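> make a model of this:
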Amino acid sequence: MTPTVCLRSVVPPYLLRAVADADAAGFPRASSAARTALASLDVVQQPKHEHAVRPQTVSGTVDRSPQRTISDAHGTTTLPGDPVRHEGDPDSGDPAVDEAYTGLGDTHAFWLEVFDRVSIDGAGLPLDATVHYGQDYDNAYWDGSRMVFGDGDGEVFERFTIAVDVIGHELAHGVTQYTADLTYQGQSGALNESISDVFGSLVLQYARRQTAEQASWLIGEGLFTPRVQGVALRSMRAPGTAYDDPVLGKDPQPATMAGYVETTDDNGGVHTNSGIPNHAFYLAATAIGGNAWDGAGAVWWDALTSESVTASIDFAGFAGVTVDAAATRFGTDSREHTAVQQAWRTVGVLG
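Presented below is the predicted three-dimensional model:
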């Protein structure tokens, strides 16, 4: 039987539910949009790829350029929409089209220049995206073959092409799909979400040439309108502090295992508990210093592509693989090895 996949979206269902209930608080347009976005999360569709493909060896004949195509859904939910910008085309003048094109390019450049990976599948997969999806659609998602961006509702959310790290986050779901293929449930699902935050943040840092110390470590900075008391969807530096709004509530992410949430919601809390491995990565990256993609990022990449990472691996198992990966790449008791160990201990995953 061909496996099925759920949509991998950047806005978690608990936040969409809060927006959906915000009608009486003065967000009628956002409330309606969030209800539509919540309904779309229940969609399960057949993927258009071979499942769990491990990293390939790419021959010299593979086109190493991005091969981007941006399509316009014109406010409908029909995919892929009409192609409006192809690889090498000039700016279209439509901000969503051009932001998507740039973000796909930044993501492709990161994977190619940092890890010598040609596109998200390692073999030159074309990067396709659809913008202007739905009416006021409050999310961006990876559907197994393409990126899809909503325009936001204008009351709570801006358009979702604004944030390069969101684009990097969603395409990283594709990278995970083609490598470890982590099961989207419980701790392995939270790792799936965390890895997308990790590499989404690194895409942004690489595009801006920011060091670990210079980075904000916020995910989705700029997505909230000025009406929301918050700075981003999530914070890797300080999980649980990204927003605290009288209408939307407080960011529920824990930073350590002491706050781990046992729930059946959101595939076992994948967007909530991802704060724990997110914080571990931040701690390791800043302890190592310099460019995060050279230190902790390289360790996490080695772990993600390791045969030791099974689809159902838990936090402790993944932590152990990263510790071993740091020792292998940088040496036992190296600064990197020590930083990774200490990071997982600080968040309570390792004893």
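
> quick one: residue 233 from residue 37, how far?
Per Cβ to Cβ, to the nearest Å, residue 233 is found 13 Å from residue 37. For glycine as for every other residue, the C-beta is placed from the backbone atoms N, C-alpha and C.

> what's the overlap in contacts for the two?
By Cβ atoms under 8 Å, 6 or more residues apart in numbering, residue 233 and residue 37 have these common neighbours: residue 11.

> show me where the stretch 201-350 of the chain has its strands.
Here the stretch 201-350 of the chain has its strands, by DSSP state E, counting those that start in this stretch, at 218-219, 234-235, 244-245, 249-250.

> note down every partner strand of the second one and its orientation.
With DSSP bridges as the test, strand 234-235 is paired with strand 218-219 (antiparallel).

> the third one now?
Strand 244-245 has its sheet partners listed here by DSSP bridges as strand 249-250 (antiparallel).

> highest mean neighbour count out of the strands of the stretch 201-350 of the chain?
strand 234-235 (a mean of 28; mean count of other Cβ atoms under 10 Å).

> so how far is that strand from its chain's centroid?
Distance of strand 234-235 from the chain centroid (Cα atoms, centre = their mean, to the nearest Å) equals 12 Å.

> stretch 123-133 now?
With Cα atoms, centre = their mean as the basis, stretch 123-133 stands 15 Å off its chain's centre.

> before we move on, what about stretch 165-172?
Centroid separation for stretch 165-172 versus its chain: 4 Å, with Cα atoms, centre = their mean.

> export the strands of the stretch 201-350 of the chain to CSV and tack on distance to residue 139?
What follows is the strands of the stretch 201-350 of the chain, written out as CSV (distance: least, Cβ to Cβ, whole Å):
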stretch, distance to residue 139
strand 218-219, 14
strand 234-235, 15
strand 244-245, 18
strand 249-250, 18
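
> in a markdown table: those, plus mean pLDDT and distance to residue 186.
Converted to a markdown table, the strands of the stretch 201-350 of the chain look like this (pLDDT from 0 to 100; distance: least, Cβ to Cβ, whole Å):
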| stretch | mean pLDDT | distance to residue 186 |
| --- | --- | --- |
| strand 218-219 | 98 | 21 |
| strand 234-235 | 98 | 19 |
| strand 244-245 | 96 | 27 |
| strand 249-250 | 94 | 23 |
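
> looking at those strands, which is closest to residue 290?
Among those, the nearest to residue 290 by Cβ to Cβ is strand 218-219 (20.0 Å).

> what comes into contact with that closest one?
Contact partners of strand 218-219, identified using Cβ under 8 Å, 6+ apart, comprise 10, 165-166, 169, 197, 200-201, 231-237, 242.
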